[in-house]
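1. need a structure here:
(chains A and B)
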Amino acid sequence: MDKKILEIQHISKSFPGVKALDDVSFSVTAGSIHALVGENGAGKSTLIKVLAGIYHPEEGELILDGEKRVFKTPHASQVAGIRVVHQELKLVNTLTVTENIFLGNLKYKGHLVDWQAMEKAAQEMLDSMGVVIRANEIVENLSVAKQQIVEICKAINGECKLLIMDEPSATITLKEQEIMFEVVRKLKSRGVSIIYISHRLEEVFELADEVTVLRDGKHIKTLPLEEVDRKKLIALMVGRELVNEYPKIKVEIGEMALEARNICRKGVLNNVSINVHKGEIVGIAGLVGAGRTETVRAILGIDKMDSGEVYLYGKKIVNNTFEEAIHRGLGLIPENRKEQGILPIMSVKNNISIVNLGKILEKGIILEKRETRYAEEYTKKLNIATPSIETEVQYLSGGNQQKVIIARWMLQNSDIIIMDEPTRGVDVGAKTEIYELMNEMIKEGKAVIMISSELPEILGMSDRIFVMHDGDVVGELDVSEADQEKILAMCV
Amino acid sequence: MGKEADVKIAPNSFGVYLSKFTKEYMLVFAILILGLVFAVVSPYFLTVTNIRNILTQMTALAIVAIGQALVLICGAFDMSLGQNVCLTSCLAAFLMKMCGWGTLPSILAALLLGALIGCVNGALVAYLEVAPFVATLGTQMICKGTAKLITNASPIPGMPDNMAWLGRGNLGGSNGLPICIVIMLLLFLLFAFILKKTRFGRNTYAVGGNREAAYFAGINVKKHLTMVFTLTGFLASFGGIVLLSRLNSAAITNGNLYEFDTMISCVIGGVSMSGGKGKIWQAFLGAMFLTLFFNGMSMLNVNSFIQDVLKGVILIGAVLLDIFRNKKR
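-> Next comes the predicted model:
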């Protein structure tokens, strides 16, 4: 069991101004699942790109399966048996599963492409993974998790010694996650070595045999998973002891702030009632597709509801458009930061002021000095790490982008903040900072609704929890009576 | 990761300002070089008359290019602009010459029609979600056909004297500053201000940069797009009126290919085709470069077919330059 499939020795790689990898050495045991963790900017992506032959290290050696290797091109790395499944899927959506798996690696019968043989081989491969996917299905008709499995099949089609998975679970749901874990374990049992990168520590503990921690481009530690617990692992990643991962404070719960009663949308929401008080954080748990996002969209006037009522401080309101909801003091931090949240090519400054432009207008004219002042105030208050407030938001890390979006609604001074997956793709340190901001909000008497697929977060930060399933609220729990098993049992 | 480590120079220093300026307005140097070349080959080129000529020639195109820049920044583009210019100038001429309308009502009717065409474009694109290319190509054809119908495809010459000042009048005597140049410059100033200093401008960049995120920041994206298209249609018809006054004649060739020429102006100036990026003055410089280039070429008696070829070369060259500049970053 102690044979090493990969030995990384003294690898260094610099970019102008940054040492992305600084003398990194560790090895991966053959036939194991090796987790690679670290905060954004720790050097995980750079290391993977070195292994994949995309970057060339200035120093150091790679030894794959006992042989010293230098990968000049991505192709060389693939030929040597290293395959990477990227976070963003690289499938052609309009082609079939078979076509995708054999893309660039077609089988021939004479001079003609042999689709029959490929479809048979693809189906065998899928079946052996224990998942129900038809090889002639068009990829875009599959769920994200199944697409991921197709991606894995594509990667291991041919000789694969080492499979690298870059945050494969970032976009899939809890339920689908299990399917993918099964596939990963199957691969392991077949003797494939796997490097698994993830922000979610739960899955590291569930899947991995050993773990390597990187921080600021340096190798911090490699150790078997039995020798570490969650708290210690976080401390290694962040470089300091995180006193409390979920620093939830209790403040006095005030009057009812927002109440939605019997919201219906045909085929999506079925008599959904939720509510939140001033000074309270309400968590909405459930699987993707349970109607969580749809509920808040209906409340905010983004989608039309068929029936149902919304009350704000006891007064009935009707939000016909999202703008109306904003004017009434509601705010939304949307689910997909990249697509719905940031204005990527605008500066940090402009991103912060975009919701409440009125605050920097004087007689209809933008006062740039005032805008700069607010931007500086909020980047400081929210600890947003950016070279300057003029930097385009696309160049910031996920956590800092999220903080920029939170800053918008703090500048707008919304009373009721709805956060949809507020910490997705955000690293541990920044996560805790976002939780602290939620604390700030309730301290000021605001109300927070948090949708999340991460149960520890729901349990750690909420006062009260609604559980949704299939367009229905199936349970309302006080946090004191809730635990993971209870919520999970309601979810499915 | 490497991207985050930007070179750090003290903010607001002169060096930063200069490098930003040269990056955004690189065309200034191209125009200077081009002017120098033409001046060397043709003694007539650098005369006051010719420079006035060039500036006057570019007015209509430049005014329409403001509108094209607005839609481009907002993440769309408008293929109907050229025929909008054509139809609105023909309509004004038709009303004045054939229907006996007064000058002012005719012009107002033309401007109204221009805005309406833009509004239809905007509504199609924003509310009915037709692709900008298809929607504006459709209105382009409708405009073209309507212009032919009302003019019978024959020119309408000799506009009333009371609209001559707009395209042919001068401030300060017959050798003074042409009024249309002044109007053009004022319009550029106005729209540069609107884009930089108002909510409307900021929202235009936001919608062009990421339409969905703009919506989630509380911007009424559909309404905004419609407004931008409407404004652009209005500017096109205004360009049409200036052209009508300058040429003193309406013909179905008025504004021909302006949709492309304005797009080329914007793109070589540095306005991004993918939305969310660009300055109004870049469109101005682009229009100036184009006009200058073809003025010089004609002066040197270069075959007009070759000029067409060169136009294509310039467009591709400018886009490539832009791509390389962005890659280097």
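2. next one: residue 288, what pLDDT does it get?
-> No chain specified, so I'll use chain A. Per-residue pLDDT puts residue A:288 at 75.
3. oops, chain B please
-> 94.
4. who are the packing partners of the helix or strand where it lies?
-> Using DSSP states H and E, residue B:288 sits in helix B:280-299. When contacts are defined as 3 or more CB pairs under 8 Å, 6 or more residues apart in numbering or on different chains; DSSP states H and E, helix B:280-299 sits against helix B:27-41, helix B:48-73, helix B:179-197, helix B:258-269, helix B:304-328. For the C-beta atoms, the positions are set from N, CA and C on the backbone; glycine is no exception.
5. switch the ones you listed over to CSV; also include distance to residue A:260, mean neighbour count and mean pLDDT.
-> Formatted as CSV, the helices and strands packed on helix B:280-299 follow (distance: least, CB to CB, whole Å; neighbours: other CB atoms under 10 Å in any protein chain shown; pLDDT from 0 to 100):
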stretch, distance to residue A:260, mean neighbour count, mean pLDDT
helix B:27-41, 55, 14, 88
helix B:48-73, 38, 24, 94
helix B:179-197, 40, 17, 96
helix B:258-269, 46, 26, 92
helix B:304-328, 46, 12, 82
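6. flag every residue of the stretch 201-350 of chain A that's near chain B.
-> Contact residues, the stretch 201-350 of chain A versus chain B (CB under 8 Å from any CB of the partner chain): A:321-323, A:326, A:332, A:334, A:339-346, A:350.
7. can you list which of these are found in helices?
-> Residues of these located in helices (DSSP state H): A:322-323, A:326, A:350.
8. out of these, flag the one nearest to chain B.
-> residue A:326 (4.5 Å; CB to the nearest CB).
9. just checking, that closest one touches residue B:219?
-> No - proximity of residue A:326 to residue B:219 does not meet the contact threshold set by CB atoms under 8 Å, at 10.1 Å.
10. and the ones in helices among the residues of the stretch 201-350 of chain A next to chain B, which of them are buried?
-> A:322-323, A:326, A:350 (16 or more other CB atoms under 10 Å in any protein chain shown).
11. including pLDDT, could those go into JSON lines?
-> Output for these, formatted as JSON lines (pLDDT from 0 to 100):
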{"residue": "A:322", "pLDDT": "95"}
{"residue": "A:323", "pLDDT": "94"}
{"residue": "A:326", "pLDDT": "95"}
{"residue": "A:350", "pLDDT": "95"}
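12. circling back to that earlier point, now do the buried residues in the helix holding residue B:288.
-> Neighbour counts over helix B:280-299 (16+ other CB under 10 Å) mark B:280-297 as buried.
13. run the chain-centre distance for it.
-> Offset of helix B:280-299 from its chain centre (CA atoms, centre = their mean, to the nearest Å): 11 Å.
14. got the CA coordinates for that helix in PDB?
-> The C-alpha trace of helix B:280-299 is given here as PDB (Å, rounded to 0.1, in the frame of the first residue of the first chain):
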ATOM      1  CA  ILE B 280     -18.100  58.200 -26.500                       C
ATOM      2  CA  TRP B 281     -15.000  60.000 -27.600                       C
ATOM      3  CA  GLN B 282     -13.600  56.800 -29.000                       C
ATOM      4  CA  ALA B 283     -16.500  56.800 -31.500                       C
ATOM      5  CA  PHE B 284     -15.700  60.300 -32.400                       C
ATOM      6  CA  LEU B 285     -12.000  59.500 -33.100                       C
ATOM      7  CA  GLY B 286     -13.100  56.400 -35.100                       C
ATOM      8  CA  ALA B 287     -15.400  58.500 -37.300                       C
ATOM      9  CA  MET B 288     -12.700  61.100 -37.700                       C
ATOM     10  CA  PHE B 289     -10.100  58.500 -38.700                       C
ATOM     11  CA  LEU B 290     -12.400  56.900 -41.200                       C
ATOM     12  CA  THR B 291     -13.400  60.200 -42.800                       C
ATOM     13  CA  LEU B 292      -9.800  61.400 -42.800                       C
ATOM     14  CA  PHE B 293      -8.600  58.200 -44.400                       C
ATOM     15  CA  PHE B 294     -11.000  58.300 -47.200                       C
ATOM     16  CA  ASN B 295     -10.600  62.000 -47.700                       C
ATOM     17  CA  GLY B 296      -6.900  61.500 -48.100                       C
ATOM     18  CA  MET B 297      -7.300  58.500 -50.400                       C
ATOM     19  CA  SER B 298      -9.700  60.400 -52.700                       C
ATOM     20  CA  MET B 299      -7.300  63.300 -52.800                       C
END
